[in-house]
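J.: Sequence first, predicted coordinates after that:
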Amino acid sequence: MPDLTIVTLAAGLRQPSSTRMLADRLSAATVAAVEEEGAAVKSETVELRDVAHDVVNAMLTGFPAGGLPQVLDTVSGASGLIAVTPVFTTSYSGLFKSFIDVVDPDSLAGMPVLLGATGGTPRHSLALDYAMRPLFTYLHAEVVSTSVFAATDDWAGDADTANPLPQRIERAGRELAQRIMQTKRRGPADPYDDVPSFDQMLSDLRDA
Amino acid sequence: MQFGVFTVSDVTTDPTTGRTPDDTERVRSMLTIAEHADAAGLDVFATGEHHNPPFVASSPTTLLGYLAAATKNVVLSTSTTLITTNDPVKIAEDYAMLQVISNGRMDLMLGRGNTGPVYPWFGQDIRQGIPLAIENYALLRRLWEEDVVDWEGKFRTPLHGFTATPRPLDGVPPFVWHGSIRTPEIAEQAGYYGDGFFHNNIFWPMSHTKKMVNFYRQRFEHHGHGSADQAIVGLGGQVFMRKNSQDAWNEFRPYFDNAPVYGHGPSMEEFTAATPLTVGSPQQVIERYAAMSDDVGDYQRQLFLIDHAGLPLKTVLEQIDLLAEEVVPVLRKEMEAKRPAHVPANPPSHTERLAIRGARTSAQDQTVAKDEVHA
């Protein structure tokens, strides 16, 4: 039984999607780098498209149902998270943000996270840094410094000869692997474990 | 075990006719529903408290005070009374008055409320929701239990030599429930005081309800009020019935599909699978609700939401009849057969609380008398 779980979120809408391609490569690079460190690791990938209806239902009713509770448990229980979205109208896709909105805001605190995004041209690459990164910083996740943007041209030939996509993926996977090995996260705290006793709540009031 | 109805007091357009009742009609329909529940033999009528349209129940004790005179047996309660934004002094006064008027045929359920702007409208900060619930209730209890209160806290003007009137009936404060859907701190509060805990699970899967109720039961035992299975638990529920299951589905579907809370979201099939909403025959309701105690243990109060989403009054009254005639007698018998003898069948009534307090007081008197002899 592997100690560590790497969970990858792919928010692409088409099948097959280039977002899923990038997600798979980031996942594989991270798994390889963790295994190089001598740890056993398993990986799971969630296509947000598969729970899209459940995500909207959760927004409308206030509770997760259908396939969503299991996905939320998978995400909050990860040792490290890879989040990959297409860039739509200058930002993460609406589905990606909707999913993040139904995740318990405390459940990603301290989570090692690697960010990825895809788009038609490299001109959208900053969406990773002005949209994705602040989102995860707000959630107190530990986002590694390298994030990977794959434009359509990156998938072939010599779009970037100095620092080609495979090299960027490898570097990002290595960074996430290191962060995972440092934190060895095994899921979120049980919300019932750290409920203050009533005496504590009363004395907090008096001290306030 | 007690079975009753609770209302959120929503004014909603009937999607099948396009007709919307006005506030006056809605308030009067709530009175009719409560009186009908009493006459039909249901055990509890509870009203929510809201301070914004489309809800009309802003003044629960006025409503329940009227009902105290207009009904005979039904226990009058709330679902919930806002402990965060009401002045605890006013709660102490209003509910002691209701207790006296109803001759103890009442209790109340405290909650923090789920409408953000109500906090600033009443001069409070929503981020202080839990501390407000803790401090306000601590004061409320003192106002009922002590004749003269000196008090200082964080959220309210200090009190010096204050006496809340009328004093509680026979010197015994009303029984209190604490309602919370997802805040373990409130379950801890209920466990600390040995009060009741109500989980309004109508929009939640049973797996979640089960965790919260079990946490409350453990804390009830931890704080020395009895064993975990003796804790006083209530659940919310939601049903729509017709003799034939398919008639119930056909009739309720437009109300479900357009309901303010879950309309245009999950299908009725998905929602009935995930939550306690049961649409079908009385027998199907019996089967679903008889199984609730498998998850939460033997419990004392089951409230049903039946008058929402624009359902016409006539239909609501028919639902009450189906509950009272076909569902509750069977459920009550089944639950009673399952319940071990040491687990309370009902939340404590005024008479029972009076007897418990009487026993405690006379035990204390005897101790004092013995001490005097020894001295």
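T.: That came through fine.

J.: so where do the helices sit in the chain?
T.: I'll assume chain A. A:18-36, A:52-61, A:68-76, A:94-102, A:127, A:133-138, A:165-183, A:198-207 (DSSP state H).

J.: Chain B was what I was after
T.: According to DSSP H, chain B carries its helices in the segments B:23-40, B:60-70, B:88-101, B:118-121, B:129-145, B:184-193, B:206-222, B:245-258, B:268-274, B:282-290, B:292-296, B:313-322, B:328-338, B:350-374.

J.: mind putting the ones you listed in JSON lines, distance to chain A and mean pLDDT included?
T.: For glycine as for every other residue, the C-beta is placed from the backbone atoms N, C-alpha and C. Listed next are the helices of chain B as JSON lines, based on distance: least, C-beta to the nearest C-beta, whole Å; pLDDT from 0 to 100:
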{"stretch": "helix B:23-40", "distance to chain A": "24", "mean pLDDT": "98"}
{"stretch": "helix B:60-70", "distance to chain A": "24", "mean pLDDT": "98"}
{"stretch": "helix B:88-101", "distance to chain A": "14", "mean pLDDT": "98"}
{"stretch": "helix B:118-121", "distance to chain A": "17", "mean pLDDT": "95"}
{"stretch": "helix B:129-145", "distance to chain A": "5", "mean pLDDT": "97"}
{"stretch": "helix B:184-193", "distance to chain A": "4", "mean pLDDT": "97"}
{"stretch": "helix B:206-222", "distance to chain A": "5", "mean pLDDT": "95"}
{"stretch": "helix B:245-258", "distance to chain A": "12", "mean pLDDT": "97"}
{"stretch": "helix B:268-274", "distance to chain A": "4", "mean pLDDT": "93"}
{"stretch": "helix B:282-290", "distance to chain A": "17", "mean pLDDT": "97"}
{"stretch": "helix B:292-296", "distance to chain A": "15", "mean pLDDT": "95"}
{"stretch": "helix B:313-322", "distance to chain A": "22", "mean pLDDT": "98"}
{"stretch": "helix B:328-338", "distance to chain A": "25", "mean pLDDT": "97"}
{"stretch": "helix B:350-374", "distance to chain A": "22", "mean pLDDT": "75"}
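
J.: Most tightly packed of those?
T.: For these, the largest average neighbour count (mean count of other C-beta atoms under 10 Å in any protein chain shown) is found in helix B:184-193, namely a mean of 23.

J.: Now tell me what touches that helix from outside.
T.: Helix B:184-193 has contacts (C-beta atoms under 8 Å, 6 or more residues apart in numbering or on different chains) with A:191-192, A:195-198, A:201, B:112, B:130, B:133-134, B:137, B:141, B:176-180, B:195-197, B:212, B:215-223, B:225, B:231.

J.: Can you name the residues that contact B:Met30?
T.: B:Thr7, B:Ser9, B:Thr47, B:Val56, B:Ala57, B:Leu63, B:Asp307.

J.: so how far is B:Glu188 from the residue nearest to the spatial centre of chain A?
T.: The residue lying closest to the centre of chain A (C-alpha atoms, centre = their mean) is A:Ala83, at 3.2 Å. Per C-beta to C-beta, to the nearest Å, A:Ala83 is found 35 Å from B:Glu188.

J.: circling back: ignoring the adjacent residues along the chain, who's closest to the residue nearest to the centre of chain A?
T.: The shortest distance from A:Ala83 to any non-neighbouring residue, by C-beta to C-beta, 6 or more residues apart in numbering or on different chains, is to A:Leu9 (4.9 Å).

J.: correct me, but that neighbour touches A:Val75?
T.: Yes: using C-beta atoms under 8 Å, A:Leu9 is in contact with A:Val75, at 7.1 Å.

J.: neighbour count winner among those two?
T.: More neighbours surround A:Leu9 than the other of A:Leu9 and A:Val75, with 26 against 22 (other C-beta atoms under 10 Å in any protein chain shown).

J.: Need the distance between the two termini of stretch A:120-133.
T.: For stretch A:120-133, the first-to-last residue distance is 20 Å (C-alpha to C-alpha, to the nearest Å).

J.: Next, the buried residues of it.
T.: Residues of stretch A:120-133 classed as buried by neighbour count (16 or more other C-beta atoms under 10 Å in any protein chain shown): A:His124, A:Ser125, A:Ala127, A:Leu128, A:Ala131, A:Met132, A:Arg133.

J.: Identify the residues contacting it?
T.: A:83, A:85, A:87, A:90-92, A:115-117, A:119, A:143, A:147, A:149, A:151-154, A:159.

J.: and the residue nearest to B:Ser77 when sequence neighbours are not counted, how far is that from chain A?
T.: Closest residue in space to B:Ser77, ignoring its immediate chain neighbours: B:Ala46 at 4.0 Å, by C-beta to C-beta, 6+ apart. B:Ala46 sits 21 Å away from chain A, going by C-beta to the nearest C-beta, to the nearest Å.

J.: Quick check: end-to-end length of stretch B:340-351?
T.: End-to-end for stretch B:340-351, by C-alpha to C-alpha: 22 Å.

J.: Based on its surroundings, how many neighbours for B:Gly194?
T.: Residues lying near B:Gly194 (other C-beta under 10 Å) number 16.

J.: OK, contacts around the closest residue to it other than its chain neighbours?
T.: Nearest non-adjacent residue to B:Gly194, counting by C-beta to C-beta, 6+ apart: B:His225, 3.4 Å away. Shown in contact with B:His225 (C-beta under 8 Å, 6+ apart): B:Gly191, B:Gly194, B:Ala231.

J.: just B:Asp125 next, same as before
T.: B:Asp125 touches B:Tyr119, counting by C-beta under 8 Å, 6+ apart.

J.: Pull up the gap between it and A:Met181, please.
T.: Note on B:Asp125: its distance to A:Met181, by C-beta to C-beta, is 42 Å.

J.: can you check B:Pro174 too?
T.: Distance of B:Pro174 to A:Met181, computed by C-beta to C-beta: 58 Å.
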